[in-house]
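S.K.: I need the structure of the sequence given here:
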Amino acid sequence: MKRMIIGFACLWPAIAVAQAPQGQAPDVEAAVRVTGTPERISLPPQLHNVWYDEFDAVAGEYTLSNGSNMSLGMWGNRMYARIGKGAPLQLVAVSPYVFVGRRQQVKIVVQEPDRSDSSRIHATVFLPSRMLSSLAPVHEYTTVLARR
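M.R.: Below you'll find the model as predicted:
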């Protein structure tokens, strides 16, 4: 009998704490927004030439972390990226595996294929949030991860 009373006395605070939040409405204004120094997409002063075999190693279909797709490819001697169902974006090379949109609308950093620990290639895509959602603020940027 003593064990049952002591056990119930130990459980009582836990039961009281578990039931307390159920009666309260969530505080929406308590959301925390973390912002950093806004990164901007800019064209480099000197463009880099990328050889076909370098770009072919990273070209193809990528799955983005938000569930959308991105494809990297060449038409003629120009490099393009297509994110989701959007229009193709012409890319220029900052280095063999870093690309910026000609109109400064996207930046793609691809993991070097030689340094990949598996057959998968990963990339980081920095783009305006408006490219992913029409509800996003105009001057907000998003970073998504890509995997091929």
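S.K.: check contacts around Gln90.
M.R.: 78-80, 101-103 (CB atoms under 8 Å, 6 or more residues apart in numbering). The C-beta positions use only the backbone N, C-alpha and C, and glycine is treated the same way.
S.K.: Let's verify it: helix, strand, or coil?
M.R.: strand (DSSP: H, G, I helix; E, B strand; the rest coil).
S.K.: On the C-terminal side of the lowest-mean-pLDDT helix or strand in the chain, identify the next helix or strand.
M.R.: Least confident helix or strand of the chain, by mean pLDDT, DSSP states H and E, is helix 2-19 with a mean of 51. Downstream of helix 2-19, the next assigned helix or strand under DSSP states H and E is helix 52-58.
S.K.: pLDDT of that following helix, averaged?
M.R.: Averaged across helix 52-58, pLDDT comes to 87.
S.K.: start at 28 instead
M.R.: OK, 28 is where the count begins now, so the last one is helix 79-85.
S.K.: Tell me which residues are up against that helix.
M.R.: Counting by CB under 8 Å, 6+ apart, 99, 101, 106, 123-124, 137, 140, 148, 150, 175 sit against helix 79-85.
S.K.: Appreciated, that's everything.
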